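S.K.: Need a 3D model of the sequence below.
(one chain, ligands or ions: 2)
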Amino acid sequence: MGRTYLFECFRCGYRARVSGGADAGEHFAVQTIVCADCKELYAAVTEFKAMASPAAGGSNKTAPGFAAVLNRLPPRGARPRLKFKPACPASLLHRVRVWNRPDKCPKCGMFMEQNGLPFRLWD
Ligand SMILES: [Zn+2]
Ligand SMILES: [Zn+2]
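M.R.: Ligands and ions are numbered 1, 2, ... in the order given. As a prediction, the model looks like this:
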């Protein structure tokens, strides 16, 4: 179960809703990053469990060849996990670094306060 918290800077008022580090749910994983160009915190998706191909479901009138299915489908329950390098959602050219609490406000450099209760739970 992943958790998103509200982080707040009491000097400049900047707020961000991020996990505050690496976090993972059932279907994907995120890492909090700070972009030096945007001066923003982001939740970057670092891992995503791919869905099985819908064409391999039971709706086809003719069954696909066994070899074709083997080539296309991962073993049951072992869907491939796609991994990504954390990147700024605004531009891949932006300079980002991993941000793990306690860490500093991207706008003014003060340490940010973490709100105690999760803002949102996600799967
Ligand atoms: Zn950026
Ligand atoms: Zn600040």
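S.K.: in this protein, which spans are strands?
M.R.: 2-8, 15-18, 22-24, 28-35, 40-49, 81-83, 96-98, 113-114, 120-122 (DSSP state E).
S.K.: Looking at those, spot the one closest to A90.
M.R.: Of all those, it is strand 28-35 that lies closest to A90, at 7.1 Å by CB to CB. C-beta: built from backbone N, CA, C; applies to glycine.
S.K.: which residues touch A50?
M.R.: By CB atoms under 8 Å, 6 or more residues apart in numbering, A50 lies in contact with R79, P80, R81, L82.
S.K.: could you redo the last one with a cut-off of 10 Å?
M.R.: H27, P74, R79, P80, R81, L82 (CB atoms under 10 Å, 6 or more residues apart in numbering).
S.K.: cool, and L121?
M.R.: By CB under 10 Å, 6+ apart, L121 lies in contact with M1, G2, R3, T4, G25.
S.K.: Specify which member of the contacts of A50 is nearest to ligand 2.
M.R.: H27 (32.6 Å; CB to the ion).
S.K.: That closest one: what's it in contact with?
M.R.: Per CB under 10 Å, 6+ apart, neighbours of H27: G2, E47, F48, K49, A50, M51, R79, R81, W122, D123.
S.K.: burial measure for the closest residue to R95 other than its chain neighbours, as a count.
M.R.: Excluding its sequence neighbours, the residue lying closest to R95 (CB to CB, 6 or more residues apart in numbering) is A36, at 4.4 Å. Close neighbours of A36, defined as other CB atoms under 10 Å, add up to 12.
S.K.: who's in contact with A36?
M.R.: Shown in contact with A36 (CB under 10 Å, 6+ apart): C88, H94, R95, V96, R97, P106.
S.K.: Much appreciated, bye for now.
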